[in-house]
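Enquirer: what's the 3D shape of this:
(one chain, ligands or ions: 1)
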Amino acid sequence: MDGVRNKTVRPVKSLIRRWFATLALAASLLLAGLGTAVALVEAPSRNPTHEDILRGFDASALSASREDVAYGGSYDPVGMIVKWQTPIVYKIEGLRSRPEAINLAIATLQQQAALAGIEVRAAKAPSEANYTLTFGNAAGYNIGDRKAVCFLTYNFNTTGQMQWAKLQINLAAPSLERCVRHEILHGFGLMNHPHRLHSVLSYHVGDQMAEMTEADIVMLRSLYDPRIRPAMSRLAALSITDSLIEANRRSLNPRAPAKTDAAPVLRDVIADLDKAAARGNVRAMMYLAEAAWQGYGMPKDPARMTAWIERASATPDVVARFDLAHALSSGRYMPKDSTRAAALYRRNAELGHAVSQNNYAVMLRDGIGVPADPVAALSWFILAARGKVAMAERSRRALMQNLPPAQQQEALRRAAAWRPVAEPPR
Ligand SMILES: [Zn+2]
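Expert: Next up, the predicted model:
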């Protein structure tokens, strides 16, 4: 199979949204196991069509899980635009025995940053670095039970902004140039492998080049166009990337084949989502609700949108229910519905999901989606703080000071008496 993606960090750190939690992914280049699934894909053309690049952009920038969906896996919340918004400040660690490898990595970082329009410089002190280049000579880094030649771990926040990246380069790699260019490109937000595209990111057997291709440059420039905003959903991004790819392609190669349009790509994405939703995948249902709301790949259809939200709301999965509640309370991917969001958070809170307890408490405190009830809010803040939600502890203290002693006592009594309800068997 293709590379392994390890979620090395996915903590639930916080508060109003689980998405405040940072997400990290490791993209890997493997020595072994470039398997048959990839070989079955038709050889990519060296003169890709506009649609080929759009599909490549979708596969690499918009959904780290697109292939997982196709192969029956789960849909995770990474189907959003992630990019650098700050200068890249790098530091070098590990072996210094191969200066040419260090120079290659720095030059690649500078080349790709220039295409993206991102400033890059060396750290003056190690503590200010947000990008680490580590060189070693191990036979391979362990990723799960497999050995990787080089790999990159990166971390971004809920608003789609890259926070840091760490690239580990194995100097014994059989193809150091490919390894470095491939991983650094991942680190700009092209996270996945567009196997059908002639690209340094593809693992197509017999087509694993070391240099970036025209398609890579067009994808990188399109991703860093300001109209593509961090945290944009994949459907929203796909519907506008079409024209950006066209423009970037023309500027690079005036004789590039004419643009088609995004419609067939969007239709395929919707078909994938339909399949995933039929398997009960709540994230896919949320995308379909967004598509029906905005008219991405289908006519605008409020009734269809509502039907998908209803189905997603019935999920027994606590994390999926949290994502849905967050989407409904933020109005980011579907119309804001605070009442439904509060009901979903409440269900999770009753089951003992600490971040949901905090979020439900906020709604009770502020009277959003539910009538304001400071005593109930305080009791949920107490429970969420006990569940190690840092912001809940601050909110608990602040609210405590504003309530008369009788109400404080009542909230403490309720929190002490609280027991999680058992989730009914699935
Ligand atoms: Zn990779």
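
Enquirer: Tell me where the stretch 51-200 of the chain has helices.
Expert: 66-70, 99-116, 176-186 (DSSP state H, counting those that start in this stretch).

Enquirer: Next: the stretch 251-400 of the chain.
Expert: For the stretch 251-400 of the chain, the helices defined by DSSP H, counting those that start in this stretch occupy 263-278, 282-294, 302-313, 318-330, 338-351, 354-366, 374-386, 390-402.

Enquirer: Outline the domain layout of this protein.
Expert: Split into domains by automatic domain parsing, the chain comes to 5-252, 280-336, 355-426.

Enquirer: so can I have JSON lines of the ones you listed showing mean neighbour count and distance to residue 267?
Expert: All C-beta spots, glycine's among them, are computed from the backbone N, C-alpha and C. As requested, the domains of the chain are exported to JSON lines (neighbours: other CB atoms under 10 Å; distance: least, CB to CB, whole Å):
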{"stretch": "domain 5-252", "mean neighbour count": "19", "distance to residue 267": "11"}
{"stretch": "domain 280-336", "mean neighbour count": "20", "distance to residue 267": "5"}
{"stretch": "domain 355-426", "mean neighbour count": "18", "distance to residue 267": "33"}
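
Enquirer: and those domains, which one is worst for confidence?
Expert: For the domains of the chain, the weakest mean pLDDT is recorded on domain 5-252, namely a mean of 78.

Enquirer: Quick check: residue 338 vs the ion, distance?
Expert: 40 Å (CB to the ion, to the nearest Å).

Enquirer: Go ahead and confirm that residue touches residue 371.
Expert: No: contact between residue 338 and residue 371 fails when scored by CB atoms under 8 Å: they sit 11.9 Å apart.

Enquirer: OK, contacts around residue 80?
Expert: 62, 160, 230, 231, 232, 233, 234 (CB atoms under 8 Å, 6 or more residues apart in numbering).

Enquirer: from those residues, which ones fall inside strands?
Expert: Among those, no residue falls in strands (DSSP state E).

Enquirer: Of these, which belong to helices?
Expert: The helices, defined by DSSP state H, take in residue 234 from the contacts of residue 80.

Enquirer: Just give me the closest of the contacts of residue 80 to the ion.
Expert: Looking at these and their distance to the ion, the nearest is residue 62, at 15.7 Å (CB to the ion).

Enquirer: Now do that closest one against residue 223, distance only.
Expert: As judged by CB to CB, to the nearest Å, residue 62 and residue 223 stand 9 Å apart.

Enquirer: Quickly list what's touching both of these two.
Expert: residue 81.

Enquirer: Residue of the stretch 251-400 of the chain closest to the ion, please.
Expert: Per CB to the ion, the residue of the stretch 251-400 of the chain with the smallest distance to the ion is residue 272, at 20.8 Å.

Enquirer: what sits against the closest residue in space to residue 288 that isn't next to it in sequence?
Expert: Using CB to CB, 6 or more residues apart in numbering and skipping the chain neighbours, the partner closest in space to residue 288 is residue 308 (4.8 Å). Residue 308 is in contact with 277, 285, 286, 288, 289, 292, counting by CB under 8 Å, 6+ apart.

Enquirer: switch to 10 Å and redo it
Expert: 273, 277, 282, 284-293, 301, 334 (CB atoms under 10 Å, 6 or more residues apart in numbering).

Enquirer: now residue 229
Expert: For residue 229, the contacting residues are 80, 81, 83, 85, 159, 160, 236, 237, 240, by CB under 10 Å, 6+ apart.
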